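*Asks:* mind looking at a prediction? Sequence and model below.
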Amino acid sequence: MIFPLFRQNPRHQIIASLYGTIVAQARARAFYRDYGVPDTANGRLEMIMLHIVLFLGRLEGEPAPARALGQAVFDHFCRDMDASMREMGVGDLAVPRKMRRIGEAFYGRQAACRAALTASDDAPLVAMLQRQVFADASKGGAPGRLATYIRESARQLAEQENEAFGRGDVSFPDPDAAHA
């Protein structure tokens with residue numbers, strides 16, 4: 001009776017694997033060391049959102065099961081952000097307001113990234129990155145190099161099969177190899 005509560009759900013493991021890979025990629029040392037992304041809570045959040053936006057962008061227009069997988073990854077992200085805020089000591093009454101701000105920021109970045117990726121050159125993408133990711137960067141950052149990485153990520157994600165995502169496998173390019 002109670003044993004099903006302790007059984008591992010394969011779908012949860014797939015979502016956790018996808019999300020874990022996205023977060024690990026977003027935390028790659030090269031982004032903060034070489035690209036100049038601020039190594040702050042906001043800088044790390046921007047990179048996580050950017051990678052989730054790229055992943056969800058890949059799933060747009062796909063059959064319902066693939067889109068549902070993307071929604072599940074987004075839901076996992078929201079739960080993770082909620083838990084992280086609570087762990088950092090944000091009060092119970094403030095968490096919903098902060099989550100609403102994160103949701104608005106996410107959807108804004110998703111729309112901006114989508115529009116920038118459809119442009120024929122990198123100028124809109126670089127401008128979007130300068131506003132979103134590098135706004136707090138004291139060193140100025142390298143939005144051109146990050147734009148190159150983003151385009152390569154979108155290309156590499158487009159080549160990956162939905163079946164791989166369904167197994168919990170997703171891959172991104174090596175950020176050390178992207179050059180502006």
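*Replies:* Perfect, I can see it now. Numbering: from 1, shown residues only.
*Asks:* how about low-confidence regions in the protein?
*Replies:* 1-8, 137-140, 179-180 (pLDDT under 70).
*Asks:* strands along that one, start to end?
*Replies:* Using DSSP state E, no strands are found in the chain.
*Asks:* could you pull out the helices for it?
*Replies:* Ranges of helices in the chain, per DSSP state H, are 10-26, 29-33, 41-59, 64-87, 95-118, 123-132, 143-159, 162-166.
*Asks:* which of these sits closest to residue 178?
*Replies:* Residue 178 lies closest to helix 143-159 among these, at 3.8 Å (CB to CB). Where C-beta positions appear, they are placed from N, C-alpha and C, glycine not excepted.
*Asks:* give me the contacts around the closest one.
*Replies:* Helix 143-159 has contacts (CB atoms under 8 Å, 6 or more residues apart in numbering) with 31, 34-35, 37, 50-51, 54-55, 57-58, 113, 117, 122, 125-127, 129-130, 133-134, 170-173, 175, 178-180.
*Asks:* could the helices of the chain go into JSON lines alongside mean neighbour count?
*Replies:* Listed next are the helices of the chain as JSON lines, based on neighbours: other CB atoms under 10 Å:
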{"stretch": "helix 10-26", "mean neighbour count": "17"}
{"stretch": "helix 29-33", "mean neighbour count": "16"}
{"stretch": "helix 41-59", "mean neighbour count": "20"}
{"stretch": "helix 64-87", "mean neighbour count": "15"}
{"stretch": "helix 95-118", "mean neighbour count": "14"}
{"stretch": "helix 123-132", "mean neighbour count": "18"}
{"stretch": "helix 143-159", "mean neighbour count": "19"}
{"stretch": "helix 162-166", "mean neighbour count": "14"}
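*Asks:* need the contact list for the residue nearest to residue 37 when sequence neighbours are not counted.
*Replies:* Computed as CB to CB, 6 or more residues apart in numbering, the closest residue to residue 37 that is not its neighbour in sequence is residue 31, at 4.5 Å. Taking CB under 8 Å, 6+ apart as the criterion, residue 31 is in contact with 37, 47, 146, 175.
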